[in-house]
Every structure is written in C-alpha cells, then in structure tokens.
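# the following block contains a protein sequence and its predicted model.
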Amino acid sequence: MPALWIAHVTVTDEDAYGKYAKLAGPAIAAHGGSFLARGGRFVQLEGKERPRNVVARFASVEDAVECYNSDAYQEALNHAKDASERELMVVEIDG
C-alpha cells in the first residue's frame, strides 16, 4: 500500500539545511518518492508548530524506510542533524 513520508521541520541553519535539501531530493526520487508538499502554506491546529512541512509519497512503507536508511539519504541527513529540529514519520495510506 502507498505511504506518506511526513516531516515537520524548524530550520536553525539555512546554509547547512540547504545542503541537506540539495542531496535529499535526489535520494528520495531514487527510491520512487515524489513530493506532494514542500514548505507550503499551512495552518497549525494542534501540537507543536514547525514552519517547514514536507510530504512525499512512496509506493510502500518499506520503500520509504529503505530510502531513509540508504547511504544517499543518510549523507543528506548529516547536513540536517545540526541544522534543524525535526520530526519524521511514515504513514501507510488507508485504502
């Protein structure tokens, strides 16, 4: 079943996070992921607000997790770890 990769992000270092974004996009695409939302307008109704929200669609939860664990994505993630506060989850699409 298809799955969504959902990230909520507060960027604390724009330059380093830019390096992450430059590498993460191709890593996600290489694993069949496609972006549905990247930093667009949002309305926070509950919980902690993060100014950047990203949603990517994958063919399955397994494909999204494989992407996350890939060497290419982990290389990108090294730039984001000290440049942002993030939550990331993968959710299977029902139906």
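Perfect, I can see it now. Numbering: from 1, shown residues only.

# any buried residues in stretch 43-56, and which?
Judged by neighbour count using 16 or more other C-beta atoms under 10 Å, the buried positions of stretch 43-56 are 50, 52-54, 56. Placement of C-beta: from N, CA and C, glycine included.

# span of that stretch from start to end?
19 Å (C-alpha to C-alpha, to the nearest Å).

# closest to residue 32 out of the buried residues of stretch 43-56?
residue 56 (9.7 Å; C-beta to C-beta).

# identify the bridge partners of that closest one.
For residue 56, the beta-bridge partners are residue 5, residue 35 (DSSP bridges).

# contact partners for it?
4-5, 28, 33-36, 64 (C-beta atoms under 8 Å, 6 or more residues apart in numbering).

# hang on, the earlier thing: can you put the buried residues of stretch 43-56 in JSON lines and add pLDDT and secondary structure?
Below are the buried residues of stretch 43-56 laid out as JSON lines (pLDDT from 0 to 100; DSSP: H, G, I helix; E, B strand; the rest coil):
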{"residue": "50", "pLDDT": "96", "secondary structure": "coil"}
{"residue": "52", "pLDDT": "95", "secondary structure": "strand"}
{"residue": "53", "pLDDT": "96", "secondary structure": "strand"}
{"residue": "54", "pLDDT": "96", "secondary structure": "strand"}
{"residue": "56", "pLDDT": "98", "secondary structure": "strand"}
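
# circling back: just the buried ones from the contacts of residue 56?
Applying 16+ other C-beta under 10 Å to the contacts of residue 56 flags 4-5, 28, 33, 64 as buried.

# dump those residues into a markdown table; add pLDDT and distance to residue 87 as well.
Shown next, in a markdown table, are those (pLDDT from 0 to 100; distance: C-beta to C-beta, whole Å):
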| residue | pLDDT | distance to residue 87 |
| --- | --- | --- |
| 4 | 98 | 14 |
| 5 | 98 | 12 |
| 28 | 98 | 17 |
| 33 | 98 | 18 |
| 64 | 98 | 15 |
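
# the nearest residue to residue 93 once chain neighbours are set aside: neighbouring residues, count only.
Nearest non-adjacent residue to residue 93, counting by C-beta to C-beta, 6 or more residues apart in numbering: residue 2, 4.5 Å away. Residues within reach of residue 2, counting by other C-beta atoms under 10 Å, total 15.
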